[in-house]
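[1] quick one, what's the 3D model for this:
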Amino acid sequence: MVSDMFFGLAGWHVLILLSFWVVPFVLWVIALVQIAQSKAAAGPVVAWVVIVTLIPLVGAILWFAIGRRSLRREGPSMPPASV
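    Numbers count the residues shown, from 1 in each chain. Okay, here's the model as predicted:
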């Protein structure tokens, strides 16, 4: 049972174990949301979604390191229409 697995652990042990699950999950979700909100062409966006989904922690770190800047540079070629 899951409760038996954590029975002998002190509070800080549980926090360390949870950080190995919670922190990567939060990074993954933030990366996917940022990718979905980017205004780049569909090809690079799909590629980043595949990378971040197949290798979650490494993909999210790569997205934060190089992906945001690369998609920002590849943004829409036409300026936004003035209203």
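[2] now for R69, how many residues are close by?
    10 (other C-beta atoms under 10 Å). For the C-beta atoms, the positions are set from N, CA and C on the backbone; glycine is no exception.
[3] quick check: phi and psi at the residue nearest to F64 when sequence neighbours are not counted.
    Distances taken as C-beta to C-beta, 6 or more residues apart in numbering put A31 closest to F64, at 6.8 Å, once the chain neighbours are dropped. A31 has phi and psi values of phi -60, psi -50 when expressed as degrees, to the nearest 10.
[4] from A47, how far out is A31?
    Distance, A31 to A47, by C-beta to C-beta, to the nearest Å: 13 Å.
[5] what about these two, which has more around it?
    A31 (25 against 13).
[6] tell me the contacts of the more buried one?
    V52, G59, A60, W63, F64, G67 (C-beta atoms under 8 Å, 6 or more residues apart in numbering).
[7] nearest to G11 among these?
    Checking the contacts of A31 against G11 with C-beta to C-beta, the nearest one is A60 at 27.5 Å.
[8] V52 against A60, yeah?
    Yes. If you go by C-beta atoms under 8 Å, V52 and A60 touch, sitting 5.7 Å apart.
[9] so what sits against both of those two?
    W28, A31.
[10] before we move on, back to that, please, a ChimeraX command that selects the buried ones among the contacts of A31?
    Filtering those down to the buried ones (16 or more other C-beta atoms under 10 Å) takes a single ChimeraX command:
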select :52,59,60,63,67
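[11] the contacts of A31 in helices, which ones?
    When helices are assigned by DSSP state H, the members of those inside them are V52, G59, A60.
[12] I'd like the distance between the residue lying closest to the first one once chain neighbours are set aside and I66.
    Spatial nearest neighbour of V52, excluding adjacent residues (C-beta to C-beta, 6+ apart): G59 at 3.8 Å. With the distance defined as C-beta to C-beta, G59 ends up 11 Å from I66.
[13] likewise for I51?
    11 Å.
[14] between these two, which has more neighbouring residues?
    Between I51 and I66, counting by other C-beta under 10 Å, I51 is the more crowded of the two (18 against 10).
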